[in-house]
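Novice: With the sequence up front, the predicted model follows.
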Amino acid sequence: MIRIFPRLRPQVWGNEELGKMFGSREKIGEVWLVSGHPLLVTEMEGGLDLNEDMESLIGKKLPRFPLLIKLISASEWLSVQVHPDDEKARELEGEPWGKTEAWHFLEDGTVALGEDPSEVLKALKNGNWNLALKKIRVGRGTFVFLPAGTVHALGPGGLLLEVQQASDVTYRIYDWGRPRETHLEKAAKVMKPCKLKEILFEGSDRFECEYFTVEIMKDRGEIDGFCILIALKEGELNGKRVKRFETFLVPKDSKVRIDTSVFCVKLGKFFERWDGS
């Protein structure tokens with residue numbers, strides 16, 4: 001079991017309360033708990049490197065550590081945005097893969113969803129975002145699945161853990177009046193229709209897609225083999241006292257005894273069979 005140290009990312013929509021949790025006075029939007037992405041690489045105890053030591057940690061070598069896990073909280077709406085799928089990420093950005101993600105809400109929050117891309121494109125012309133976006137309150141404990149191509153935005157308030165493919169490609173569509181760059185041409189190429197009922201998973205301690213599996217383990221258990229563990233409250237892992245949101249990597253040939261609640265993330269079949277194509 002190897003500890004991973006967080007990296008803080010200030011954002012214009014960030015939350016000072018999230019910053020305080022990690023000893024910062026800035027408006028922190030994202031705490032990158034696990035990342036091999038070149039934008040922000042998280043450090044590991046013992047001098048290990050998520051990318052360089054990947055084969056010994058997870059059992060195979062990939063272009064970069066395949067998962068990116070964040071703790072997120074916002075004081076304002078994030079931009080209305082969309083991410084490319086694997087094919088479009090290679091075509092448009094030369095990236096190894098796209099960005100499918102899932103959010104697990106630790107507190108109640110708000111989400112906006114653009115179910116119909118044609119309505120989103122209309123709103124860019126007529127400004128009627130109330131028709132283009134469906135805003136919903138999301139309860140604590142809910143998983144929201146955002147396959148690549150889903151038009152979405154996160155609202156203010158709440159606290160969530162995000163698990164995603166290790167990509168930072170985001171196409172901003174609308175930014176609520178803030179003067180940041182948008183990426184409309186590329187966004188139009190990657191948007192896909194979706195349905196709220198297909199992405200909202202309430203009252204479940206487990207979520208699985210082709211890229212990752214997430215399980216909320218409560219208080220006692222044992223993990224065998226590679227995974228990422230994030231403590232959801234104070235307790236013990238392998239007899240070691242841990243604090244809330246401390247993050248650990250369990251290497252492929254290791255076991256960990258769990259005596260607290262943890263957010264456990266494992267690789268999905270996409271990365272298990274990855275051969276570079």
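Specialist: Received it, and whenever you're ready, just let me know what you need. In this text the structure is predicted, and so the values were computed from the model without any measurement. Numbering: from 1, shown residues only.
Novice: which residue lies farthest from the center of the protein?
Specialist: Asn126 (31.6 Å; CA atoms, centre = their mean).
Novice: and it, backbone torsions?
Specialist: phi -100, psi -10 (degrees, to the nearest 10).
Novice: What of the one 3 residues further on?
Specialist: Here the main-chain torsion angles of Trp129 (degrees, to the nearest 10) amount to phi -80, psi -20.
Novice: Hmm, it is touching Ala123, no?
Specialist: Yes: between Trp129 and Ala123 there is a contact under CB atoms under 8 Å: 4.9 Å. Just so you know, the C-beta spots here come from the backbone N, C-alpha and C atoms, and that holds for glycine as well.
Novice: shared neighbours of these two, which are they?
Specialist: Tyr174 (CB atoms under 8 Å, 6 or more residues apart in numbering).
Novice: what's the weakest-modelled helix or strand in this protein?
Specialist: The weakest-scoring helix or strand in the chain, judged by mean pLDDT, DSSP states H and E, is strand 221-224 (a mean of 88).
Novice: just checking, what packs against the very next helix or strand once past that one?
Specialist: As assigned by DSSP states H and E, the chain's next helix or strand after strand 221-224 is strand 227-231. Packed against strand 227-231 by the contact rule (3 or more CB pairs under 8 Å, 6 or more residues apart in numbering; DSSP states H and E) you find strand 67-72, strand 247-250, strand 262-267.
Novice: which one of those lies closest to Gly14?
Specialist: Nearest of the helices and strands packed on strand 227-231 to Gly14, taken as CB to CB: strand 67-72 at 9.3 Å.
Novice: what about that closest one, average pLDDT?
Specialist: Averaging pLDDT along strand 67-72 gives 98.
Novice: For it, what is the distance to the chain centroid?
Specialist: 4 Å (CA atoms, centre = their mean, to the nearest Å).
Novice: so where do the strands sit in the stretch 1-150 of the chain?
Specialist: 2-5, 7-15, 28-34, 43-44, 67-72, 80-82, 101-105, 109-114, 134-138, 143-146 (DSSP state E, counting those that start in this stretch).
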